[in-house]
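Engineer: From the sequence below, what's the structure:
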Amino acid sequence: MDDLIVSIIAVALTAIGAGAAFTMMEVRGGSKEPGRNKKLIARHKILGYLFVSFFLVISAGMIYKVGLHSGELSTRILLHGVLGLFVIGLLAVKLMIARKYRKLSENLFGFGVVILAMTFVMMSVAAGYFFLHITQEMHEEHASKAAAASHPDDLKGRLLLENKCTKCHGLEKVFAEHMDKNEWDKTLTRMVAHSGDPNYLSEEERAGIIMYLSTLGE
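Structural biologist: As a prediction, the model looks like this:
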């Protein structure tokens, strides 16, 4: 699943959770007009079902991405996973209380607030990082294209890099490395092998990317 789609769903998930919590606050502390609480509780249930559905979609997307990931998982991904497991556990307990242990229903609002807080942190780690990363990439792209305007070869190498080398990872991973031509050549050989298509890069494309990357650390 595309990172942008996951991030948008994550923002929607947080908004739905906030709406569910606010609705329950209205039930517990708002006006006691006849029939009002019934409507609010019905709304709360709908938002709850939406929250669980969105959460499952995001979880499936993250599990799929982790399955494709090679190498050691980053601290950010591990934190996201741990928080997700906690939220799943809290949702399960909340559901059990609502369905089976109704004498404990006074604790449901507290569970909801904790779930919302953990969801906010979890989504900030994922969606927040993504949107900050996108903003940074746009800034770097603008600066790079402005700098390369008078150097057509550099611009060509940059465009090749964007078109060919962002299917498996972001450009920040590339820009963090500072290697010479030989080291970049070995890296591209490894990346092409990882793509499964030995003809993924033509010799001209390969040379253009290596030339561009080798100048970044100068």
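
Engineer: and the residue most central in space within the chain, what does it touch?
Structural biologist: Nearest to the mean C-alpha position of the chain, counting by Cα atoms, centre = their mean, stands residue 126 at 3.9 Å. Neighbouring residues of residue 126 by Cβ atoms under 8 Å, 6 or more residues apart in numbering: 6-7, 10, 62, 76, 80. Just so you know, the C-beta spots here come from the backbone N, C-alpha and C atoms, and that holds for glycine as well.

Engineer: Try it again at 10 Å.
Structural biologist: By Cβ atoms under 10 Å, 6 or more residues apart in numbering, residue 126 lies in contact with 3, 6-7, 10, 58, 62, 76-77, 79-80, 83-84.

Engineer: where does residue 24 land in three-state SS?
Structural biologist: Secondary structure for residue 24, judged by DSSP: H, G, I helix; E, B strand; the rest coil, is helix.

Engineer: I'd say it and residue 41 touch.
Structural biologist: Yes: contact criterion Cβ atoms under 10 Å: residue 24 and residue 41 qualify, at 8.4 Å.

Engineer: Packing partners of the longest helix seen in the chain?
Structural biologist: Determined from DSSP state H, the single longest helix within the chain is helix 36-68. On a contact count with 3 or more Cβ pairs under 10 Å, 6 or more residues apart in numbering; DSSP states H and E, helix 36-68 meets helix 3-29, helix 75-99, helix 108-123.

Engineer: List the buried residues for it?
Structural biologist: 37, 40, 43-44, 47-48, 50-51, 54-55, 57-58, 61-62 (16 or more other Cβ atoms under 10 Å).

Engineer: Next: stretch 121-137.
Structural biologist: Those would be 122-123, 125-127, 130, 137, for stretch 121-137 by 16+ other Cβ under 10 Å.

Engineer: cool, stretch 92-100 as well?
Structural biologist: Here stretch 92-100 shows 93-94, 97 as buried, counting by 16+ other Cβ under 10 Å.

Engineer: what does stretch 156-166 give?
Structural biologist: For stretch 156-166, a neighbour-count test (16+ other Cβ under 10 Å) marks 156-158, 160-161, 164-165 as buried.

Engineer: what about that stretch, average pLDDT?
Structural biologist: Mean per-residue pLDDT for stretch 156-166: 80.

Engineer: One more: stretch 210-218?
Structural biologist: When pLDDT is averaged along stretch 210-218, the result is 76.

Engineer: how distant is that stretch from the center of its chain?
Structural biologist: Its chain's C-alpha centre lies 30 Å from the corresponding centre of stretch 210-218 when counted by Cα atoms, centre = their mean, to the nearest Å.
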